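Novice: structural data only, the sequence is not supplied:
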Ligand code: BGC
């Protein structure tokens, strides 16, 4: 009887200890708070997604903006690795797309015009003579409907938006859904889908500016970058692709071996001069539609590493060339030129006017669906880049933090 009793007490204690350790490690969760109101009085909420390792992403339903993303360094210290603002007001005024969902068309459409089914559509022009990132009021400037999703492997937020026929000049009522999932494998996964009631063009992307040393902590020139692309799309002076797919080999655009972002950024090379640094679309290796590695970035002082995986055919690499110290971001940090970099997975710029590029047309009744994953890990030193994967299964996570 006595032994049985002892056994039961022991069992009970073990269960309590197990329960406590599980709770300390934490379960993925989402909390919601009010962030502010738009000028026309729409309430905006901030959702905090936390995974089982304590990695945290904060997202607002204005613009689908990722306002902060806290990931561990090689010693387990969490830092916020994306640029952003502390309050809604700064986002309402901003034109730098910090952390936002971009649509209907991420990147540029020449002269804001394209022809589809024999009809010429005229879009809002907001970048010189061109259309950029969906126009004057793109998806980064609208309030999305938000819903917390229950998922088995992390924390997730679903955002939906109905873009009306004619919005910013685009045809068709476009019903858009973006699902952010912060997985327990320290990935921020972005799933985009859309349907339309009239043929249209769509190209959705995410515009986070990363600094893996922590937001506001200097420029990103020492980050080491690998891009899984043998070619890129050179542009004219207005950043519109010329149609050429230029080989990166022998140019400052060759990131097929990990190289510091700043190593060649000031070279006397036509495309770097035009873009004031890197601001170009890379033609990703491998088959579009399959999730494959697009890029990997390693920050040597913190050991943080970020891999980008995508089903998209292209990726805009932008080095924050137009940040100029006039923006004050979170915690009073001033964002100087090249304090952040963007890796915007996408269809190539100006695809609606370039028949040789993969099409960005979405037909009535068809479904648009793309996926991009930002995967965070740490490493004591920079691992060799796996230049192998043209398509197929993801690489193993190195020293997964947390
Ligand atoms: C574009 C840049 C533009 C920036 C605005 C990038 O996606 O390629 O040219 O200045 O967005 O934040």
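Specialist: Structure's in. What do you need? As the structure is a prediction and not an experimental result, all values here were calculated from the model.

Novice: nearest residue to residue 340 in space, ignoring adjacent ones along the chain?
Specialist: Once flanking residues are discounted, residue 340 sits nearest to residue 209: 2.9 Å by C-beta to C-beta, 6 or more residues apart in numbering. For every residue, glycine as well, the C-beta is placed using N, CA and C.

Novice: how many neighbours does the closest residue to residue 312 other than its chain neighbours have?
Specialist: If the residues on either side of it in the chain are set aside, residue 312 comes closest to residue 345, at 4.2 Å by C-beta to C-beta, 6+ apart. Residue 345: 28 surrounding residues under other C-beta atoms under 10 Å.

Novice: phi, psi for residue 345 please.
Specialist: Per-residue torsions, residue 345: phi -70, psi 140 (degrees, to the nearest 10).

Novice: so how far is residue 83 from the residue nearest to residue 340?
Specialist: According to C-beta to C-beta, to the nearest Å, residue 209 stands 4 Å off from residue 83.

Novice: mutual contacts of the two, please.
Specialist: 98, 99, 339, 340 (C-beta atoms under 8 Å, 6 or more residues apart in numbering).

Novice: so the second one makes contact with residue 84?
Specialist: Yes. A contact is recorded between residue 99 and residue 84 when judged using C-beta atoms under 8 Å, the distance being 5.3 Å.

Novice: who touches both of those two?
Specialist: Any residue near both residue 99 and residue 84 by C-beta under 8 Å, 6+ apart counts here, and that gives 65, 66, 67.

Novice: just curious, which of those residues is nearest to the ligand?
Specialist: residue 65 (12.9 Å; C-beta to the nearest ligand atom).

Novice: which SS class is residue 90?
Specialist: helix (DSSP: H, G, I helix; E, B strand; the rest coil).

Novice: which strands and helices sit next to the longest strand seen in the chain?
Specialist: If you go by DSSP state E, the chain has its longest strand at strand 367-378. Here strand 367-378 touches strand 66-72, strand 187-196, strand 304-310, going by 3 or more C-beta pairs under 8 Å, 6 or more residues apart in numbering; DSSP states H and E.

Novice: from the ligand, how far off is residue 146?
Specialist: Distance of residue 146 to the ligand, computed by C-beta to the nearest ligand atom, to the nearest Å: 24 Å.

Novice: specify the beta-bridge partners of that residue.
Specialist: Here residue 146 sits in beta bridges with residue 159, as judged by DSSP bridges.

Novice: surely it meets residue 156?
Specialist: No. Applying C-beta under 8 Å, one finds residue 146 not in contact with residue 156, separated by 11.0 Å.

Novice: could you find the closest non-adjacent residue to residue 120?
Specialist: Nearest in space to residue 120, with sequence neighbours left out and distances taken as C-beta to C-beta, 6+ apart, is residue 113 at 6.2 Å.

Novice: one more: residue 117?
Specialist: residue 199 (5.9 Å).

Novice: wait, what's in contact with that neighbour?
Specialist: Counting by C-beta under 8 Å, 6+ apart, residue 199 touches 116, 117, 171, 172, 361, 362, 363, 364.

Novice: do the same with residue 81
Specialist: 69, 70, 71, 210, 211, 212, 214, 215, 304, 306.

Novice: residues of the chain that sit close to the ligand?
Specialist: 96, 97, 239, 279, 316, 318, 322, 342, 344 (C-beta under 6 Å from any ligand atom).

Novice: surely the last one touches residue 107?
Specialist: By that I understand residue 344. Yes. Between residue 344 and residue 107 there is a contact at 7.3 Å, judged by C-beta under 8 Å.

Novice: compare the two and say which is more crowded by neighbours.
Specialist: Comparing residue 344 with residue 107 by other C-beta under 10 Å, the one with more neighbours is residue 107, at 28 against 23.

Novice: before we move on, back to that, can you name the residues that contact the residue nearest to residue 120?
Specialist: If a contact means C-beta under 8 Å, 6+ apart, then residue 113 has 120, 121, 122, 123, 353 as its contacts.

Novice: filter those residues to the buried ones?
Specialist: Buried members of the contacts of residue 113, counted by 16 or more other C-beta atoms under 10 Å: 121, 123, 353.

Novice: ramachandran coordinates for the last one?
Specialist: Summarising the backbone geometry of residue 353 under the convention degrees, to the nearest 10, its torsions are phi -110, psi 10.

Novice: ok, now how distant is the residue lying closest to residue 28 once chain neighbours are set aside from residue 50?
Specialist: Among residues not flanking residue 28 along the chain, residue 155 sits closest, at 4.3 Å (C-beta to C-beta, 6+ apart). Residue 155 sits 6 Å away from residue 50, going by C-beta to C-beta.
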